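Enquirer: Quick one: sequence and predicted model below, then my questions.
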Protein chains: 2
Amino acid sequence: MKTLVVDIGGTSVKLLATGRRTHRQVPSGPSLTPRAMVRSVLAAVADWPFDAVSVGFPGPAHHDRPLREPVNLGRGWVRFDYEGAFGCPVRLMNDAAMQAVGSYAGGRMLFLGLGTGLGTSLVLDGTVVPMELAHLPYRDGRSYEDVVGDAGLRAAGTARWRRHVTHVVDLLLAATVTEYAVLGGGNVRHFTRMPPRTRRGDNANAFRGGFRLWQERGTWR
Amino acid sequence: MKTLVVDIGGTSVKLLATGRRTHRQVPSGPSLTPRAMVRSVLAAVADWPFDAVSVGFPGPAHHDRPLREPVNLGRGWVRFDYEGAFGCPVRLMNDAAMQAVGSYAGGRMLFLGLGTGLGTSLVLDGTVVPMELAHLPYRDGRSYEDVVGDAGLRAAGTARWRRHVTHVVDLLLAATVTEYAVLGGGNVRHFTRMPPRTRRGDNANAFRGGFRLWQERGTWR
């Protein structure tokens, strides 16, 4: 079976299908609707056969459906009929959760996406549990995301930001009773030596996660 | 199959077996070792037949084993051979997690144990995910447990404590992307009207959870 993975970001929608080596992408942005997304995706991969789609969605999702409208895209994502539009079975998952699925290496794992915000997912025994720990208070009225996200990086500078991240990783590993964390997202590049009990993520893992959703059917939900 | 449920607390160990209507208990305390616990449990239920045991343990546990020594009991709990001592298969789980299993009514559920401290577990699709969210910072250098546990209740008084609990429930439901919470533990009695999106737990649910671990085999882990 061939799977098309659709990884929806704020500036581009990245695409890869089973058997393809290089991804393609189409533009995203604050006015992108799901209908326009599907139209440009189908046009971009017209020569790629696929039987199923995995969508990485930039927001909380449950049971293959966004839980609320995305902050940085257009409207209409919650009620959209993805399977009707793609014409095949669709599994939709939070984008960080999909990268987490692709990063999983057994045991209990915490995935932290260090990007504009802070994505948090827990993975255990073939189950990915998307979380929104980022918005909890951290210190001085600021949330984890305020301190560890892009704005926090700019405010604190790289060295202090790295210490914040290291401390936040410790806190969240303890809070979730978890053995190791994978740090993904663009800002992980600011670490040359990774913090204790962490491994470096890789954007390619989002695609791997999307493929896993269909390859290991019934395991991931 | 008959199950013996052993719910280990700081002051007593509560016992119930399949087909029994009333529980029994033996003393607990800061010097209780696992060997002494098993000895007094077996003496107390010598007339109760059972084929399997479920243990609710007052601390984090994983794969039927305590992750560290309990704070309020004696030593030796991590490495103890429970199946050898009871002479039958044993499933061991954090005590709040076991009550959470017994309280589960579908979907994604957060269980908060309002006692001396604050127990936190997530339950989803037949999987219980024990957490330690209680030790995360909440405000002014205090953790959720500091504010919502026994000490916080005494310091704030019932009315303010109820508002704190209500706010903490909101925060943690959002952080864990969860629809509803069950509030268990002794201090839930201070609520006459329950906070939004919560249901009242029941200590009897710890026993129900212990039975479920064996009745619905393979579902709970």
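Expert: Perfect, thanks for sending it. Numbers count the residues shown, from 1 in each chain, chains lettered A, B, ... in the order given.

Enquirer: got a pLDDT number for the nearest residue to residue A:83 once chain neighbours are set aside?
Expert: Closest residue in space to residue A:83, ignoring its immediate chain neighbours: residue A:90 at 4.8 Å, by Cβ to Cβ, 6 or more residues apart in numbering or on different chains. C-beta: built from backbone N, CA, C; applies to glycine. Note for residue A:90: predicted pLDDT of 96.

Enquirer: was I right about residue A:90 contacting residue A:56?
Expert: No - judged on Cβ atoms under 8 Å, residue A:90 makes no contact with residue A:56 at a distance of 11.6 Å.

Enquirer: okay, these two: which has more neighbours?
Expert: Neighbours were counted for residue A:90 and for residue A:56 using other Cβ atoms under 10 Å in any protein chain shown; residue A:56 has more, 27 against 20.

Enquirer: Wait, residue A:45 touches residue A:24, no?
Expert: Yes - using Cβ under 8 Å, residue A:45 makes contact with residue A:24 at a distance of 6.5 Å.

Enquirer: quick one: which helix or strand includes the nearest residue to residue A:5 once chain neighbours are set aside?
Expert: With Cβ to Cβ, 6+ apart as the criterion, residue A:5 has its nearest non-adjacent residue at 3.2 Å, and that residue is residue A:210. If you go by DSSP states H and E, residue A:210 is part of helix A:204-215.

Enquirer: tell me which residues of that helix are tucked away?
Expert: By neighbour count on 16 or more other Cβ atoms under 10 Å in any protein chain shown, the buried set for helix A:204-215 is A:205-214.

Enquirer: Kindly report the same for stretch A:104-121.
Expert: A:104, A:108-121.

Enquirer: show me where chain A has helices.
Expert: A:34-44, A:82-86, A:95-103, A:144-148, A:150-156, A:158-175, A:204-215 (DSSP state H).

Enquirer: Just give me how far the longest one sits from the chain centre.
Expert: Read that as helix A:158-175. Computed by Cα atoms, centre = their mean, to the nearest Å, the chain-centroid distance of helix A:158-175 equals 20 Å.

Enquirer: Please tell me I have it right and the residue nearest to residue A:5 contacts residue A:50.
Expert: No - the criterion here is Cβ under 8 Å, and residue A:210 misses it with residue A:50 at 11.1 Å.

Enquirer: for the residue nearest to residue A:83, what are its contacts?
Expert: A:52-55, A:64, A:82-83 (Cβ atoms under 8 Å, 6 or more residues apart in numbering or on different chains).

Enquirer: So which of those are in strands?
Expert: Among the contacts of residue A:90, the members found in strands (DSSP state E) are A:52-55.

Enquirer: of those, closest to chain B?
Expert: residue A:55 (17.6 Å; Cβ to the nearest Cβ).

Enquirer: How many neighbouring residues does that closest one have?
Expert: Residue A:55: 27 neighbours (other Cβ under 10 Å).

Enquirer: so what pLDDT did it get?
Expert: So residue A:55 comes in at 98 (pLDDT).

Enquirer: How is chain A divided into domains?
Expert: According to automatic domain parsing, chain A comprises the domains A:3-97+A:206-220, A:106-201.

Enquirer: can you redo the ones you listed as TSV with distance to residue B:172?
Expert: Output for the domains of chain A, formatted as TSV (distance: least, Cβ to Cβ, whole Å):
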stretch	distance to residue B:172
domain A:3-97+A:206-220	15
domain A:106-201	8
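
Enquirer: Mind checking the ones you listed for the one nearest to residue B:19?
Expert: domain A:106-201 (32.2 Å; Cβ to Cβ).

Enquirer: Any idea how far apart the tips of that closest one sit?
Expert: Taking Cα to Cα, to the nearest Å, domain A:106-201 runs 15 Å from one end to the other.

Enquirer: Next, see if it gets close to chain B.
Expert: Yes - against chain B, domain A:106-201 shows contacts by Cβ under 8 Å from any Cβ of the partner chain at A:108, A:122, A:124-125, A:127, A:129-133, A:135-139, A:171, A:174-177.

Enquirer: what sits against the residue nearest the centre of chain A?
Expert: Central residue of chain A (Cα atoms, centre = their mean): residue A:96, 1.7 Å from the mean position. Applying Cβ under 8 Å, 6+ apart, we find residue A:96 in contact with A:111, A:113, A:119-121, A:130, A:184-185.

Enquirer: same check, this time on residue A:134
Expert: A:117-120, A:143-145, A:148-149.

Enquirer: What of residue A:207?
Expert: Counted by Cβ under 8 Å, 6+ apart, residue A:207 has contacts A:5, A:7, A:14, A:16, A:23, A:102.

Enquirer: Residue A:13 is in contact with the fifth one, correct?
Expert: No - counting by Cβ under 8 Å, residue A:13 is not a contact partner of residue A:23; they are 10.2 Å apart.

Enquirer: With neighbour numbers in mind, choose between these two.
Expert: residue A:13 (23 against 16).

Enquirer: re the thing from before, buried subset of the contacts of residue A:90, written for PyMOL?
Expert: Selection of the buried residues among those in PyMOL, burial being defined by 16+ other Cβ under 10 Å:
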select buried, chain A and resi 52+53+54+55+64+82
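
Enquirer: For residue A:9, which non-adjacent residue is closest in space?
Expert: Leaving aside its chain neighbours, residue A:9 sits nearest to residue A:28 (5.8 Å; criterion: Cβ to Cβ, 6+ apart).

Enquirer: Quick check: the gap between the one you found and residue A:72.
Expert: Here residue A:28 is placed at a distance of 8 Å from residue A:72 (Cβ to Cβ, to the nearest Å).

Enquirer: residues shared between the contacts of the two?
Expert: In contact with both residue A:28 and residue A:72: residue A:10, using Cβ under 8 Å, 6+ apart.

Enquirer: which of the two has more neighbours?
Expert: residue A:28 (22 against 16).

Enquirer: Quick check: phi and psi on that one?
Expert: Note on residue A:28: backbone dihedrals following degrees, to the nearest 10 are phi -120, psi -170.
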